[in-house]
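[1] let me see the structure of the following:
(chains A and B)
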There are 2 protein chains.
Amino acid sequence: MSKTFVKTLRDAPKDETARSAKLLIRAGYVHKEMAGVYDFLPLGLKVLENIKNIIREELSRIDCEELQLTALQKPDIWEKSGRWSDQEVDIWFKTELAAGGELGLAPTHEEPITDLMKTYIKSYKDLPVYAYQFQTKFRNELRAKSGIMRTREFLMKDLYSFSADEAEHDEFYHKVEGAYKRIYERCGLGDCTYQTFASGGIFSKFSHEFQTILPVGEDTIYYNSDKSIVLNEEVVIPEVLNEFGVSKNDLEKTRAAEVGNIFTIKYKYSEPLGLDFADKNGEKKTVYMGCYGIGVSRVMGVIAEKYADDNGLIWPEEVAPFKYYLVGIGEKGVKAAEEIYAKNPEKILFDDRDARPGEKFADAELIGIPVRIVVSDKTLENGEVELTNRKSGETARCPLEDLKAY
Amino acid sequence: MSKTFVKTLRDAPKDETARSAKLLIRAGYVHKEMAGVYDFLPLGLKVLENIKNIIREELSRIDCEELQLTALQKPDIWEKSGRWSDQEVDIWFKTELAAGGELGLAPTHEEPITDLMKTYIKSYKDLPVYAYQFQTKFRNELRAKSGIMRTREFLMKDLYSFSADEAEHDEFYHKVEGAYKRIYERCGLGDCTYQTFASGGIFSKFSHEFQTILPVGEDTIYYNSDKSIVLNEEVVIPEVLNEFGVSKNDLEKTRAAEVGNIFTIKYKYSEPLGLDFADKNGEKKTVYMGCYGIGVSRVMGVIAEKYADDNGLIWPEEVAPFKYYLVGIGEKGVKAAEEIYAKNPEKILFDDRDARPGEKFADAELIGIPVRIVVSDKTLENGEVELTNRKSGETARCPLEDLKAY
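    Below you'll find the model as predicted:
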């Protein structure tokens, strides 16, 4: 703590309205560049990297490959799909090439990855392909008022699947459902995140979203008593209710924040962009596609919003930038703290600042590291340290020797 | 190899002129989106990550902190430094906010990081600060013809230092020189990369660049016999030659590619942006700054260009996507290869494709993994495997048991 340039702040910028963003700024995770555009400071970057690693591990388990596409886009492939025009897609940032010609900043990547795959997919032997990236997306949102939950520049994980037919696609689609559930569990959102039925667009009856129940969420979802049916507001219409055999009166309504979506897109991009393959009989077929998104910085914002209390942030263990917040009090306490820190600097945020214990305890709460360790001359009288759980507030004593061994 | 969607290609795009880019495309490291804009495929992303990790480790050793700033920029802070206008900076990509107002895509980040530090630097106690990022830069280059060595969208490491005075700055500047030397050594460029004197701009006599000798490099450098004096072409003028006590005739001339620069910028941004601190006597002083860049994707391109031969790429060990390229031949050979692979999948690119050995050997050369391991029914007759060094071409036999132990 004495070495980082970041300090906790008493106040967030006056134009910041979202509670999570205020806390993330005050605790030193992010810095506001302008409305809807945030820098990630060292602590914030650690949280992002932890979420990325969870996603990477789970997608790797279902055989996805990581690549990285570009933000800059030329019009031709987007004109083929009909998504270049600002009438069709109203969140483009467009720019001009010095050498001449219009470019765009990709708000999503179906077109470029479909076009790229034309180089690599020729035959049924080349299928299926599952490719994803962590990449900065740009969306020219008219309003941006939810902190890092809805921004104009944000980190997204977008995965695209390329299959020979619907059966092959469906099998992978279910694997992604499983991977997403594990991702939200590991992010600490398992208990409050539901897979919902959402509007399917032109080519599918439904898509699926993952929605986290959140009072300040931008969406409204409806669910039955055992939450076996969870519907986005836009599909709560007689036709759909009939299909599920429920009436609107059976459903409860709540606010929620979208933390992911999975989408069967069939031939929507592969057909106009000409992504074909030769099947076993040598016949030309069009590749069957799916896309699967998670807004990484958005998930970070939802976690922050979900668990914060009046004193600050509360990070679930796997996404927390550090596992322990360490404070030493008194001469012996500080010396013991230094020894504890030296053994595991990766997991410990050591508050070695020249400051009062009360100030350190307040910052520990604001920054929201899962477990606070206090070692003082007083706890050492019994050869102990004090452990406090940030979420429950519970405190316990533990012999110093046990902590060292642990 | 049988699982990745990427395949080696016979031909690179016709408009691709740089040898390294042709090989990187054919070997499946990158995909060309348009002139000067390249996607990174799984192998290419691994190389980028390896270079990033080398840089991260070396900067961490000199107490630098990692953060991440945004691409989107609002005009005000750039107007203060005089760099918003397209006359001053001719490589801006500019765009329009839907809500109204012009934005730019950052070609560099002195202004936003100087402005950010106003929140955190108030007193001499807050100094020094060393903060860096890996971030995508956008530069509206009129021409782009050197593959991934000069692009319109590229990954850069940019480090900024904030010091109380020149003495504090100089001490860190020398540490960066050391860190950069270790970085280029670990990237395999140590023998052919020199710290050069370059034009210093308005505020310093010189800046320093790191230049790698390369026939297709865009720069020209001059050096004396023991390479103790290496000068960028722009400073080979009578005044500078006098200072170094050499004449132009003493110097050899060669082409080179810039792989990094370090720059004392003093008060150039801190003064107009008002980044001040209170010194020990409570007097207001302006923060003294430095900036230090390495184009990460550019370094990858220079390594590719430097070491390629007629058969393909040759990666130095620490940046190679894998350390070993493994081929099994014959029934027993394939079985032994599978066992070798299972023990260390992270380090091995296993060519388990249903293809002829000759095809696999050609791809091994093209992809450029440092060591090829061949295990065949024939090598197994003596209980051995064959190891071939991609760079030297040298081949040796090694007992299979020793390889397993290794």
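[2] roughly how far out does the longest strand along chain A sit from the chain middle?
    Counting residues, the longest strand found in chain A (DSSP state E) is strand A:252-266. Taking the mean of its C-alpha atoms, strand A:252-266 sits 14 Å from the chain's own mean (C-alpha atoms, centre = their mean, to the nearest Å).
[3] just the C-alpha atoms of it, please, in PDB.
    In PDB, the C-alpha atoms belonging to strand A:252-266 read as follows (Å, rounded to 0.1, in the frame of the first residue of the first chain):
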ATOM      1  CA  GLU A 252     -43.000 -12.600 -10.100                       C
ATOM      2  CA  LYS A 253     -41.200  -9.600 -11.500                       C
ATOM      3  CA  THR A 254     -37.800  -8.200 -10.600                       C
ATOM      4  CA  ARG A 255     -35.100  -6.000 -11.900                       C
ATOM      5  CA  ALA A 256     -31.900  -7.600 -13.300                       C
ATOM      6  CA  ALA A 257     -28.700  -6.900 -15.100                       C
ATOM      7  CA  GLU A 258     -27.700  -8.900 -18.100                       C
ATOM      8  CA  VAL A 259     -24.300 -10.500 -17.600                       C
ATOM      9  CA  GLY A 260     -24.100 -12.700 -20.700                       C
ATOM     10  CA  ASN A 261     -26.000 -14.000 -23.700                       C
ATOM     11  CA  ILE A 262     -25.900 -17.000 -26.000                       C
ATOM     12  CA  PHE A 263     -27.400 -16.900 -29.400                       C
ATOM     13  CA  THR A 264     -28.100 -19.300 -32.200                       C
ATOM     14  CA  ILE A 265     -27.500 -17.300 -35.300                       C
ATOM     15  CA  LYS A 266     -27.700 -20.100 -37.800                       C
END
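[4] in that strand, what's buried?
    Neighbour counts over strand A:252-266 (16 or more other C-beta atoms under 10 Å in any protein chain shown) mark A:254, A:256-266 as buried. The C-beta positions use only the backbone N, C-alpha and C, and glycine is treated the same way.
[5] can you redo those as a markdown table with distance to A:N242 and pLDDT?
    Rendered in a markdown table, the data for the buried residues of strand A:252-266 read as follows (distance: C-beta to C-beta, whole Å; pLDDT from 0 to 100):
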| residue | distance to A:N242 | pLDDT |
| --- | --- | --- |
| A:T254 | 23 | 97 |
| A:A256 | 23 | 97 |
| A:A257 | 28 | 97 |
| A:E258 | 25 | 96 |
| A:V259 | 29 | 97 |
| A:G260 | 27 | 97 |
| A:N261 | 24 | 95 |
| A:I262 | 24 | 96 |
| A:F263 | 24 | 93 |
| A:T264 | 22 | 94 |
| A:I265 | 26 | 93 |
| A:K266 | 25 | 95 |
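[6] what is the nearest of those to chain B?
    A:I265 (17.9 Å; C-beta to the nearest C-beta).
[7] from memory that closest one sits against A:G293, does it?
    No: if you go by C-beta atoms under 8 Å, A:I265 and A:G293 don't touch, sitting 11.7 Å apart.
[8] what do the two both touch?
    Residues touching both A:I265 and A:G293 do not exist when contact is defined as C-beta atoms under 8 Å, 6 or more residues apart in numbering or on different chains.
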